[in-house]
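A.B. asks: I'll drop the sequence and a predicted model, then ask my questions.
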Protein chains: 2
Amino acid sequence: MTRFVLVAGTTKTARIDGISAAGADPDLVAHTPSADAELLEYGQLVRAPSLPVSPTGCPTPAAITRAVRERVGFETLVVDAGLAEPTGAPTVGVGAKPGRDVREPDPVPTAPGAWVAAHELGGALPDDELVIGETIPGGTTTALGVFRALGVGGGGSKADYPAGVPVSSSLPENPLDLKREVIEDAFVASDLAPGDAAYRPERAVRFLGDPVLATIAGLTAGALESGTEVILGGGTQMLAAAALVRHAGVAAPLSVATTAYVADADVDAAAAALDCDLVVTDPGFEGRDDPLARYAAGEAKEGAGMGGALLLAERAGALGGVADGTLEVVERVDGSYEP
Amino acid sequence: MTRFVLVAGTTKTARIDGISAAGADPDLVAHTPSADAELLEYGQLVRAPSLPVSPTGCPTPAAITRAVRERVGFETLVVDAGLAEPTGAPTVGVGAKPGRDVREPDPVPTAPGAWVAAHELGGALPDDELVIGETIPGGTTTALGVFRALGVGGGGSKADYPAGVPVSSSLPENPLDLKREVIEDAFVASDLAPGDAAYRPERAVRFLGDPVLATIAGLTAGALESGTEVILGGGTQMLAAAALVRHAGVAAPLSVATTAYVADADVDAAAAALDCDLVVTDPGFEGRDDPLARYAAGEAKEGAGMGGALLLAERAGALGGVADGTLEVVERVDGSYEP
């Protein structure tokens, strides 16, 4: 049996101006993971205030994941990896608290404990296969921090952006200079240099990462070691999680499932370097005359395990219905929504 | 759509010697709700130490509820109404903490807050129908306290056991004298008399009850007021929850679904007095040569929403497979189990 696991959390890093598009305005960003969890579980909001949309109105990828669930049907589990706002979705805890700003000296002190608890959970779940997604605003920035800390993609001593590391964005114009600057500041604050945390993944995720990456890495390592197959559903952040798992010494086969909107040569190369099988699905949103077309134009792109959910849809021969199903979810949740 | 809601919690009342059979030994009793939640969600244990059984080896009714879920399929939600031990099941919180011993002056201070939060949750869930079950050791004792505090069943000034109030037990020999004594002590400690909390249900559940009853009453009232149908799956405790709902002024139609092992003239009369539709299901465990026969012999009887789950099985024409399905669950969870 397959279970879809959504790992949901927050950091203060997401509050840095210009980092994240995961909310219509900055005050709503911290609610996005809580709302995404409710969408996955109920196809409705329960405690969260509003449907997460980007500043331009592009709906959260959690609506896509939910649409797949309504068509295909799969078991779910939401892991609280540092939620900051109430959710009506049931969650299991791993001791994670919201991350601080990565530019503080010890931004994710709960990361090592969450890793261990998630490792135990991943090993104890009774499923044959886990599809793991994430929802954490600002997550591509901390993913960049993790790549750099591990020395993945040429890292090591280079102060500039490492070659071969894919860092996507929920914004159509990726604020890469800002991300680099934030991560450089984070290294200074933590008194670490790029590559210093190679093969010490708990250090990388504690000082340069976020609680969601720690939890995904622990879950994945625990599941793989107990013989459960794992598909990481997502782009940049899932490659960072895979890097953490590999640097923890776990060599078992591991897949990353993403969408055509994220996949490129860098993603390909990173997956190959991490010995991950890369599966790319195209939900066919290009050329539509509704907000889903924005995904194809480079907005939102991934998140809430969308790539993993689309793979499950493709397996079930239901990929064709995903776009209409997503619009149904969006309209049900937000009746006032004008495509 | 129907959702099965398991409300899970604990009190120190359950530690009173001889009160509860919800555990092989006293140290395991507090783990029972956490384990029941895992059984419902996974059909396996994840963080809980062992399959809950009575001292004579009768398996938890959660195994029956899970067996129905595996045959019929329904959405679930576990509400944390004061769990004291870790669970790997995802839960939603309502601010409830484990109850203290009901003989203390203020045993459930979180009851009023949990009621309010559960009321909001019950009103916000998107489902057409909720089937609500409970798992809380010692719960029939606090249910007796609630009946008495509300003055249900002749209550009022009578110091003796009120007529017309059904109080079942997970033990084959119901320790009614002990329960009465505990509740009399509880009235003294709270400086209340029987009937004092009539039409003040929050007082009844705070001073004589438990956090699970507060949560179920809030959920039920919130759901009914928003037009969601509610079936309370259980016996004594669900009648106490119904009494709380009626004393909160909620007059909407309400059903109680229980099993033939609990139903009797007292249950009938109490349901009628509370204007509840009573539905009785017989899973046919009588005369079996396995531990399920103990249910028919008066052990365990109810719990974990078993009566509600069996009603869902009956609706789906799957009642016949429940016994074998339950044994499958028990054997899967506890390979060493000898029927």
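C.D. replies: On my side now, so go ahead. Residues are numbered from 1 along each chain as shown, chains lettered A, B, ... in the order given.

A.B. asks: buried stuff in stretch A:52-59?
C.D. replies: A:52, A:53, A:54, A:58, A:59 (16 or more other CB atoms under 10 Å in any protein chain shown). No exception for glycine: its C-beta is placed from N, CA and C like everyone else's.

A.B. asks: next: stretch A:8-17.
C.D. replies: Along stretch A:8-17, these residues count as buried under the neighbour rule (16+ other CB under 10 Å): A:8, A:9, A:10, A:11, A:12, A:13, A:14, A:15, A:16.

A.B. asks: wait, the fifth one sits on residue A:108?
C.D. replies: No. Contact status for residue A:12 versus residue A:108: not in contact, 10.5 Å apart, counting by CB atoms under 8 Å.

A.B. asks: overlap in contacts, those two.
C.D. replies: Counting by CB atoms under 8 Å, 6 or more residues apart in numbering or on different chains, the contacts common to residue A:12 and residue A:108 are A:99, A:100.

A.B. asks: quick one: name the residues of the stretch 51-200 of chain A near chain B.
C.D. replies: A:77-78, A:87-92, A:120-121, A:124-126 (CB under 8 Å from any CB of the partner chain).

A.B. asks: partners of the helix or strand containing residue A:130 in the sheet?
C.D. replies: Assessed by DSSP states H and E, residue A:130 sits inside strand A:129-135. As defined by DSSP bridges, the strand partners of strand A:129-135 come to strand A:2-8 (parallel), strand A:229-233 (parallel).

A.B. asks: from residue A:1, how far out is the residue in the stretch 101-250 of chain A that chain B sits nearest to?
C.D. replies: Closest to chain B within the stretch 101-250 of chain A is residue A:126: 4.0 Å, counting by CB to the nearest CB. For residue A:126, the distance to residue A:1 equals 8 Å [CB to CB, to the nearest Å].

A.B. asks: same deal with residue A:322?
C.D. replies: 22 Å.

A.B. asks: between the two, who's got more neighbours?
C.D. replies: residue A:322 (26 against 10; other CB atoms under 10 Å in any protein chain shown).

A.B. asks: contacting residues for the more buried one?
C.D. replies: Residue A:322 sits in contact with A:64, A:67, A:68, A:71, A:283, A:310, A:313, where contact means CB under 8 Å, 6+ apart.

A.B. asks: did I read that right, it in a helix?
C.D. replies: Yes. The assignment for residue A:322, made by DSSP: H, G, I helix; E, B strand; the rest coil, places it in a helix.

A.B. asks: quick one: residues in contact with the worst-scoring helix or strand of chain A on mean pLDDT.
C.D. replies: Ranked by mean pLDDT, DSSP states H and E, the weakest helix or strand in chain A is helix A:293-296, scoring a mean of 84. By CB under 8 Å, 6+ apart, the list of residues contacting helix A:293-296 from outside reads A:54, A:56, A:58, A:61, A:172, A:259, A:261, A:283, A:285-288, A:300-301.

A.B. asks: ok, now stretch A:189-204?
C.D. replies: Contacts for stretch A:189-204 (CB under 8 Å, 6+ apart): A:103-107, A:111-112, A:115, A:145-146, A:148-151, A:155-159, A:162, A:187, A:207-208, A:214, A:217, A:243-245, A:247-249.

A.B. asks: which ChimeraX command selects the buried ones in the contacts of residue A:322?
C.D. replies: A single ChimeraX command selects the buried members of the contacts of residue A:322 (16+ other CB under 10 Å):
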select /A:64,67,68,71,283,310,313
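
A.B. asks: okay, the contacts of residue A:322 in a markdown table with pLDDT and secondary structure next?
C.D. replies: Shown next, in a markdown table, are these (pLDDT from 0 to 100; DSSP: H, G, I helix; E, B strand; the rest coil):
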| residue | pLDDT | secondary structure |
| --- | --- | --- |
| A:64 | 96 | helix |
| A:67 | 97 | helix |
| A:68 | 98 | helix |
| A:71 | 96 | helix |
| A:283 | 91 | coil |
| A:310 | 97 | helix |
| A:313 | 97 | helix |
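
A.B. asks: quick revisit: turn the strands paired with strand A:129-135 into a markdown table, including mean pLDDT.
C.D. replies: Output for the strands paired with strand A:129-135, formatted as a markdown table (pLDDT from 0 to 100):
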| stretch | mean pLDDT |
| --- | --- |
| strand A:2-8 | 98 |
| strand A:229-233 | 98 |
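
A.B. asks: now the helices for chain A?
C.D. replies: A:26-29, A:32-42, A:61-72, A:111-124, A:139-150, A:176-190, A:201-208, A:211-225, A:236-247, A:265-273, A:293-296, A:306-315, A:322-333 (DSSP state H).

A.B. asks: could you dump these to CSV with distance to residue B:254?
C.D. replies: As requested, these are exported to CSV (distance: least, CB to CB, whole Å):
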stretch, distance to residue B:254
helix A:26-29, 38
helix A:32-42, 23
helix A:61-72, 30
helix A:111-124, 37
helix A:139-150, 45
helix A:176-190, 55
helix A:201-208, 49
helix A:211-225, 41
helix A:236-247, 46
helix A:265-273, 55
helix A:293-296, 45
helix A:306-315, 38
helix A:322-333, 28
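
A.B. asks: low pLDDT regions in the stretch 151-300 of chain A?
C.D. replies: For the stretch 151-300 of chain A, applying pLDDT under 70 flags the ranges A:154-166, A:171-172.

A.B. asks: may I see the buried residues of stretch A:8-17 arranged in TSV, with distance to residue A:138 as well?
C.D. replies: Output for those, formatted as TSV (distance: CB to CB, whole Å):
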residue	distance to residue A:138
A:8	13
A:9	10
A:10	8
A:11	6
A:12	9
A:13	4
A:14	3
A:15	8
A:16	7
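
A.B. asks: residue nearest the centroid of chain A?
C.D. replies: In chain A, the C-alpha nearest the mean C-alpha coordinate belongs to residue A:134, at 3.3 Å (CA atoms, centre = their mean).

A.B. asks: correct me, but it touches residue A:304?
C.D. replies: Yes. Contact criterion CB under 8 Å: residue A:134 and residue A:304 qualify, at 7.5 Å.

A.B. asks: which parts of stretch A:94-103 are buried?
C.D. replies: A:94, A:95, A:96, A:97, A:98, A:99, A:100, A:101, A:102, A:103.

A.B. asks: what does residue A:104 show for phi and psi?
C.D. replies: Backbone torsions for residue A:104, taken as degrees, to the nearest 10, come to phi -90, psi 160.

A.B. asks: so what's residue A:75 closest to, chain neighbours aside?
C.D. replies: Excluding the flanking residues, the one nearest residue A:75 by CB to CB, 6 or more residues apart in numbering or on different chains is residue A:3, at 4.5 Å.

A.B. asks: residue contacts, the one you found?
C.D. replies: A:74, A:75, A:76, A:77, A:125, A:127, A:129, A:130, A:131.

A.B. asks: switch to 10 Å and redo it
C.D. replies: A:74-77, A:125-132, A:223, A:228, B:42 (CB atoms under 10 Å, 6 or more residues apart in numbering or on different chains).

A.B. asks: how about the residues of the stretch 201-339 of chain A by chain B?
C.D. replies: Proximity of the stretch 201-339 of chain A to chain B (CB under 10 Å from any CB of the partner chain) is limited to residues A:332, A:333.

A.B. asks: find the closest residue to chain B in the stretch 201-339 of chain A.
C.D. replies: At 8.6 Å from chain B, residue A:332 is the closest residue in the stretch 201-339 of chain A, using CB to the nearest CB.

A.B. asks: tell me the pLDDT at that residue?
C.D. replies: Per-residue pLDDT puts residue A:332 at 95.

A.B. asks: right, and it touches residue A:43 too?
C.D. replies: Yes. With contact defined as CB atoms under 10 Å, residue A:332 and residue A:43 form a contacting pair (6.7 Å).

A.B. asks: more neighbours: which of those two?
C.D. replies: A direct count of neighbours by other CB under 10 Å for residue A:332 and residue A:43 places residue A:43 higher, at 20 against 16.

A.B. asks: wait, the more buried one sits on residue B:125?
C.D. replies: No. Residue A:43 is beyond contact range of residue B:125, at 11.4 Å (criterion: CB under 10 Å).
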